[in-house]
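Student: What follows is a protein structure lacking sequence information:
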Ligand code: 2P0
């Protein structure tokens, strides 16, 4: 099929992922190459749907996000994914139109950039008529946002840091699909407002100023293997231990930066305290938190009742804006 007659429009959907072993720090900023690997669970319900088109009436590159045109910084990030694909498809001269809608509060530490850049990658490749392997799509999504490489895959995914300077070997791979383990994830929404410091800036600042950064990065490989083994064996308490450890070590690294980087608020710590109380009463639950104030609770289905009840009390107290319940989600896909 010639370039001129090819359908140049496609829609794709990708879901957010939450890291159980955290990515924090880059060895190459331009290519989003991480200092260490990471491991995540992709979630259902929280997703981005993106339509990409290269049509004759596109006057200039444009991105409409949740109904509004974005500024140059966000567009530039999207073009880091679009440019290599449209060059490869010999559509380099064609302006792109991108329309993207989130079910996630954008930039609230709920990884909407991961689902957004993953959906954009899949939609752009399809609109360009390129049939690429999922791991290749993952490496392309990484150029837009590091964590996006993990959102190509449903269930549990592991992002290998890679060693090459060109980053070709720095992509995620699927470990266990969404049916492997019926975990439940409840997001405790401390705030859905836009965060102040971007992850990219936060990582750069931490790497440049935190004396703990080398120790954090050095601890990741052992956590990756421990998490993968725990998930393979569906060993909840082993996964709880490694996930909480990875999360707290990442936040300790950020807090050791100069000046310190504090994403967690007192309400976030209150949620963590409630998780400790639930654990003491026998509930199978653990927490994780990223570059924002929200806390994610992972639990077994039989512990969902007590988790719900405890978080409902925090909503009543005014400590939380609300909660979002979700479970393991699917691969990114092109929509018909
Ligand atoms: C993660 N985070 O592993 C970690 C934990 C936030 C805390 O990946 O600069 O938006 O685009 O590569 O992917 C968020 O960082 O950063 C992130 P860039 P990204 O999920």
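Tutor: Alright, I've got the coordinates. For clarity, every value in this text was computed on a predicted model and none was experimentally measured.

Student: Helices of the stretch 101-250 of the chain, residue ranges please.
Tutor: 112-127, 134-144, 199-209, 213-232, 236-255 (DSSP state H, counting those that start in this stretch).

Student: right, and the ones you listed - which one's nearest the ligand?
Tutor: With CB to the nearest ligand atom as the measure, helix 199-209 is the member of the helices of the stretch 101-250 of the chain nearest the ligand (3.3 Å). The C-beta positions use only the backbone N, C-alpha and C, and glycine is treated the same way.

Student: Quick check: buried residues in the closest one?
Tutor: Neighbour counts over helix 199-209 (16 or more other CB atoms under 10 Å) mark 199-200, 202-203, 205-207 as buried.

Student: Same question for stretch 93-105.
Tutor: 94-105.

Student: quick one, longest strand in the protein?
Tutor: strand 38-53 (DSSP state E).

Student: In contact with the closest residue to the ligand within the stretch 101-250 of the chain, which residues?
Tutor: Residue of the stretch 101-250 of the chain nearest the ligand, by CB to the nearest ligand atom: residue 146 (2.7 Å). Residue 146 is in contact with 23, 26, 32, 34, 159, 199, counting by CB atoms under 8 Å, 6 or more residues apart in numbering.

Student: Output those in CSV; the columns should cover pLDDT and distance to the ligand.
Tutor: CSV is the format used below for these (pLDDT from 0 to 100; distance: CB to the nearest ligand atom, whole Å):
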residue, pLDDT, distance to the ligand
23, 98, 3
26, 97, 7
32, 97, 4
34, 98, 8
159, 98, 8
199, 90, 3
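
Student: Closest to residue 166 out of those residues?
Tutor: residue 32 (12.5 Å; CB to CB).

Student: So that closest one sits against residue 140, correct?
Tutor: No - Residue 32 is beyond contact range of residue 140, at 10.8 Å (criterion: CB atoms under 8 Å).

Student: Which one's more surrounded, those two?
Tutor: Neighbours were counted for residue 32 and for residue 140 using other CB atoms under 10 Å; residue 140 has more, 28 against 25.

Student: Hmm, residue 83 and the more buried one touching each other?
Tutor: No - contact between residue 140 and residue 83 fails when scored by CB under 8 Å: they sit 10.2 Å apart.

Student: returning to what we had before: just the ones of the buried residues of stretch 93-105 in strands?
Tutor: 97-102.

Student: could I get these as CSV with distance to residue 218 and pLDDT?
Tutor: Formatted as CSV, these follow (distance: CB to CB, whole Å; pLDDT from 0 to 100):
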residue, distance to residue 218, pLDDT
97, 44, 96
98, 39, 97
99, 43, 97
100, 37, 96
101, 40, 94
102, 35, 91
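
Student: of the residues you listed, list those near the ligand.
Tutor: With CB under 6 Å from any ligand atom as the criterion, the subset of those in contact with the ligand is empty.

Student: closest to residue 287 among those residues?
Tutor: Taking CB to CB as the measure, residue 287 sits nearest to residue 102 out of those, at 23.5 Å.

Student: what's the nearest residue to residue 239 if we skip its chain neighbours?
Tutor: Spatially, and ignoring its direct neighbours in sequence, residue 239 is nearest to residue 230 (4.0 Å; CB to CB, 6 or more residues apart in numbering).

Student: tell me the contacts of that neighbour?
Tutor: 236, 238-239, 242.

Student: Most widely separated two among those?
Tutor: Going by CB to CB, the pair spanning these furthest: 236 and 242, at 11.3 Å.

Student: Look at residue 17 and tell me its secondary structure.
Tutor: Under DSSP: H, G, I helix; E, B strand; the rest coil, the three-state class of residue 17 is strand.

Student: Quick check, pLDDT for it.
Tutor: Looking at residue 17, its pLDDT is 97.

Student: isn't it right next to residue 38, touching?
Tutor: No - with contact defined as CB under 8 Å, residue 17 does not count as touching residue 38 (9.5 Å).

Student: And the two? Which one has more around it.
Tutor: For residue 17 versus residue 38, neighbours defined as other CB under 10 Å are more numerous around residue 17 (31 against 27).

Student: For that one, list each beta-bridge partner.
Tutor: residue 42 (DSSP bridges).

Student: so what's it up against?
Tutor: With CB under 8 Å, 6+ apart, residue 17 has these contacts: 40-43, 111, 114-115, 147, 150-151, 157.

Student: do the same with residue 116
Tutor: Neighbours of residue 116 in contact, by CB under 8 Å, 6+ apart: 14, 48, 50, 65, 100, 102, 145, 148.

Student: tell me which element the first one is part of?
Tutor: This means residue 14. strand 9-21 (DSSP states H and E).
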